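Colleague: A structural model of the following input is requested.
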Amino acid sequence: MKGGLFQVVIAVVLTTLGSCSGKNPSGLTSIRIDPKDSQSLMLSEFFEEINYVFLDDSDSLPLVNPYKISFKSDLILVSDNVMDNIHIFNDSGNRHITLKSLGQGPMEFSHIEDFFVHGDSIIIKDNVLKKLLFFDLKGQVLGEQKFKLQSAEFFYHPFFRIYYLENNEAYNFAKIDYKGNILERYYQVDQNILGFKLLSNHGFQKDSFRNLIFFNIPYTYHVAIFDELGKMVKVLEFDFGAANISSSQHARLGRGYEKRNFVEQHQLVEMITCFFPFRSGYFVFFIQGNKVWHFVWLDNDFTVIQQVKSFKNDLDLMKIRTIPWSYDEESVVFMTRSIDLYNDFKERENEIRTNYPSSQIISFYEKYKEKLKEDKTVLVKLKIHSNLNTE
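Modeller: Predicted coordinates:
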């Protein structure tokens with residue numbers, strides 16, 4: 001393996017990292033959020049500016065169905081879960097390189113279950129070939145490594161990995177060493193949701209401000225927290241009061257129409273949709289029923305500071321069509337189809353130009369108006385207000 005990703009000293013360090021027994025962390029922090037307390041606010045009370053990024057992929061190598069989005073310095077990495085490629089753009093949206101699924105040979109991948117950025121390396125997890133592929137940020141292959149444990153999302157560190165086991169085993173997380181040996185298992189799965197799988201578009205989230213790792217567990221109200229050595233140290237448990245759905249109700253209703261109808265009828269919260277760490281707090285997003293979106297800001301002590309269920313966009317008047325999809329150090333990132341954004345702008349163009357002449361959407365539209373008519377992808381970055389996310 002090139003790039004210093006594996007070192008002989010790893011074996012020495014790993015002796016201090018634990019054994020392979022199953023554990024639940026002793027620390028559990030409960031966060032009570034009553035959806036009835038959510039307010040209607042001006043968008044400028046939660047976010048201070050909106051920026052748009054047109055992902056300018058090529059016609060010969062299109063971005064068909066963008067899924068996971070990660071940010072690294074001035075690069076944007078986007079996986080395509082139809083073509084199984086990773087497109088890398090600069091922060092202006094210009095295409096940089098594409099990591100292509102070429103086949104099943106050595107130093108190739110055919111499927112992307114998940115990918116992770118560690119330092120200047122991109123690691124792709126191919127569950128079909130059961131291997132990790134390592135690339136640098138210029139697209140050069142650095143090496144590959146086989147794995148045995150079937151899992152979904154993963155966290156990579158040269159000393160260890162954390163695998164999420166999809167509510168499919170007795171414990172949901174396995175920490176392994178670089179040879180694939182299981183060092184520890186964490187978070188005992190509730191038998192009522194055993195087998196309830198949902199591939200996350202967020203995966204493991206490295207919090208560089210606190211040296212922690214977060215994972216939002218599907219079909220629960222739990223966010224698992226790991227320290228920088230991969231040890232699970234705490235679980236955040238959200239409590240929505242009368243809007244909670246129990247694990248036994250999950251089991252009884254399954255995952256189809258009956259569940260969706262029950263959740264809508266009783267205006268319940270099925271799970272946490274987004275949990276994003278920022279410098280001065282945490283952004284939380286959840287859906288009540290099937291249509292009511294809630295945006296929450298927690299401070300560093302997990303106290304609710306702001307709780308919103310509807311916004312009036314007083315920053316540029318554009319619609320917020322989709323749920324939050326990703327984040328960078330300053331912004332919550334949404335993703336929308338270019339043609340939808342084009343139509344929304346044309347619908348309100350006169351009012352936007354009159355009342356918001358300095359908004360970025362105007363210059364963005366002028367630059368990309370012809371390309372917006374195509375079926376392309378636009379990232380909408382809403383910067384958290386400095387009153388919430390202070391330096």
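
Colleague: What residues of stretch 190-208 count as buried?
Modeller: Of the residues in stretch 190-208, those scored as buried under the neighbour-count criterion (16 or more other Cβ atoms under 10 Å) are 190, 193, 196, 200-207. To be clear about C-beta, it is placed using only N, CA and C from the backbone, and glycine gets the same treatment.

Colleague: Please apply the same query to stretch 173-182.
Modeller: The neighbour-count criterion (16+ other Cβ under 10 Å) identifies 173-178, 182 as the buried residues of stretch 173-182.

Colleague: What of stretch 29-44?
Modeller: 31, 33, 35, 38, 41, 43.

Colleague: Who are the contact partners of the fourth one?
Modeller: With contact taken as Cβ atoms under 8 Å, 6 or more residues apart in numbering, S38 is in contact with 294, 307-309.

Colleague: Counting neighbours, which of the residues you listed end up buried?
Modeller: Among the contacts of S38, those classed as buried by 16+ other Cβ under 10 Å are 294, 307-309.

Colleague: before we move on, back to that, now, among the buried residues of stretch 29-44, which is nearest to V117?
Modeller: I31 (28.5 Å; Cβ to Cβ).

Colleague: Distance to I361 and pLDDT added to the buried residues of stretch 190-208, as a markdown table?
Modeller: Formatted as a markdown table, these follow (distance: Cβ to Cβ, whole Å; pLDDT from 0 to 100):
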| residue | distance to I361 | pLDDT |
| --- | --- | --- |
| D190 | 45 | 95 |
| I193 | 42 | 94 |
| F196 | 40 | 92 |
| S200 | 30 | 84 |
| N201 | 25 | 89 |
| H202 | 26 | 91 |
| G203 | 30 | 94 |
| F204 | 33 | 97 |
| Q205 | 29 | 96 |
| K206 | 31 | 95 |
| D207 | 31 | 96 |
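
Colleague: isn't K72 right next to F116, touching?
Modeller: No - counting by Cβ atoms under 8 Å, K72 stays clear of F116, with 10.7 Å between them.

Colleague: Does the closest residue to L341 other than its chain neighbours lie in a helix or a strand, and which?
Modeller: The shortest distance from L341 to any residue other than its chain neighbours is 5.3 Å, reached at V378 (Cβ to Cβ, 6 or more residues apart in numbering). Here V378 is covered by strand 377-384, with elements defined by DSSP states H and E.

Colleague: Need the residues that contact that strand.
Modeller: Residues lying outside strand 377-384 but in contact with it, judged by Cβ under 8 Å, 6+ apart, are 43, 46-55, 57, 63, 66, 69, 76, 78, 93, 278, 283, 297, 318, 320, 328, 330-338, 341, 372.

Colleague: What about the residues you listed, which are in helices?
Modeller: Using DSSP state H, the members of the contacts of strand 377-384 that fall in helices are 338, 341.

Colleague: ok, so what distance separates E374 from I323?
Modeller: Distance of E374 to I323, computed by Cβ to Cβ, to the nearest Å: 23 Å.

Colleague: do the same with S208
Modeller: Separation of S208 from I323 (Cβ to Cβ) stands at 24 Å.

Colleague: and what of G143?
Modeller: As defined by Cβ to Cβ, G143 lies at a distance of 36 Å from I323.

Colleague: What's the mean pLDDT across stretch 364-376?
Modeller: The predicted model gives stretch 364-376 an average pLDDT of 97.

Colleague: so the spatially most central residue of the chain, which of the three states?
Modeller: In the chain, the C-alpha nearest the mean C-alpha coordinate belongs to H202, at 2.0 Å (Cα atoms, centre = their mean). Secondary structure assignment for H202 (DSSP: H, G, I helix; E, B strand; the rest coil): coil.

Colleague: What does the pLDDT read for L165?
Modeller: We note a pLDDT of 96 for L165 in this prediction.

Colleague: does it really touch K175, like I thought?
Modeller: No - using Cβ under 8 Å, L165 makes no contact with K175, being 11.5 Å away.

Colleague: contacting residues for the residue nearest to the centre of the chain?
Modeller: Under the criterion of Cβ under 8 Å, 6+ apart, the neighbours of H202 are 68, 216, 274-276, 326.

Colleague: In helices, which of the residues you listed fall?
Modeller: Among the contacts of H202, no member falls in helices (DSSP H).

Colleague: Which members of the contacts of strand 377-384 are positioned in strands?
Modeller: Secondary structure defined by DSSP state E assigns 47-55, 66, 69, 76, 78, 278, 283, 297, 331-337 of those to strands.
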